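Engineer: This is a predicted model, with the sequence first.
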Amino acid sequence: MNTQTAKLKYLKVAPRKVRLVADSLRGMSVNEAEAVLLMQPKRPGRPLLKLLRSAVANARNNQKLGTDNLVIQSIVVNQGPMLKRHLPRARGMASPIQKKMSHVTLVIAESGKAAKNKFKIVVRKKLKDKDIKETAAKAKMKEREPKTEERQAQKREEKPGMLRRFFRRKVV
C-alpha cells in the first residue's frame, strides 16, 4: 500500500486545540476531510486544510496515486517548542505564559476501493485585477444609463416641496 507523508511544523496553535480538529479527520477519505475542513470554524482548520492539500498534491505528482481512493491513514499532533513569556502581576511578581506550538504529521494512503464522493467541492476561480476592473466598469456603465422617459417626465411634473421653496438659492 502506497503512502504519502506531509509534515507541518511550528504551527502557532496549542497541540490540544489542533487535536480536536485532527481527531475528527482520522480514517476519512480525502474528499470528505477536505469538505469538513472547509466548513471548520476552529482556527487550526485552515492550516490543516493546507497540509491535506499539500499531501494530496505530493501523492498525485510524486507517486502517481489517484486522488479518488486516498484515505487519511494517520494524523499525529505533537508539541513543538514553547515561547516562554511573563506577564507582570501585583506586588512586583510575574506569572509565566507559555505560547505553545504544534508539529503535525499527516499520512495518507491508497485504499483498495474508491470511496464515493459525498461532497462536491467547488473552488472559485480567482479573478485578476484586470477582470475586476472590467466588471466594475460594466457596473458603472449600467448606473450611468439614462433614466426612462417616464421617470424623467414624472420628475418634471412634480412641484417643488415646502422646504425647497423656503431654501432656494435664488431669491424669487
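Structural biologist: In hand now; what should we look at?
Engineer: in the chain, which residue is closest to the centre?
Structural biologist: residue 46 (6.3 Å; C-alpha atoms, centre = their mean).
Engineer: Make sure that residue is indeed in a strand.
Structural biologist: No - under DSSP: H, G, I helix; E, B strand; the rest coil, residue 46 sits outside any strand and is assigned helix.
Engineer: I'd like the distance from it to residue 32, if you could.
Structural biologist: From residue 46 over to residue 32 the distance is 17 Å, taken as C-beta to C-beta, to the nearest Å. In this view, the C-beta of every residue, glycine as well, is placed from N, C-alpha and C.
Engineer: what's the nearest residue to residue 63 if we skip its chain neighbours?
Structural biologist: residue 2 (5.6 Å; C-beta to C-beta, 6 or more residues apart in numbering).
Engineer: Let me know whether that neighbour touches residue 107 as I believe.
Structural biologist: No - using C-beta atoms under 8 Å as the test, residue 2 is too far from residue 107 to be in contact (11.0 Å).
Engineer: Which one's more surrounded, those two?
Structural biologist: Between residue 2 and residue 107, counted using other C-beta atoms under 10 Å, the more crowded position is residue 107 (16 against 11).
Engineer: outside of stretch 53-70, which residues touch it?
Structural biologist: 2, 4-6, 29-31, 34, 106, 108-115, 117 (C-beta atoms under 8 Å, 6 or more residues apart in numbering).
Engineer: Give me the subset of these lying in strands.
Structural biologist: Counted as lying in strands by DSSP state E, out of the contacts of stretch 53-70, are 4-6, 106, 108-110.
Engineer: By neighbour count, which of these wins?
Structural biologist: That'd be residue 108 among those, by other C-beta under 10 Å, with 26 neighbours.
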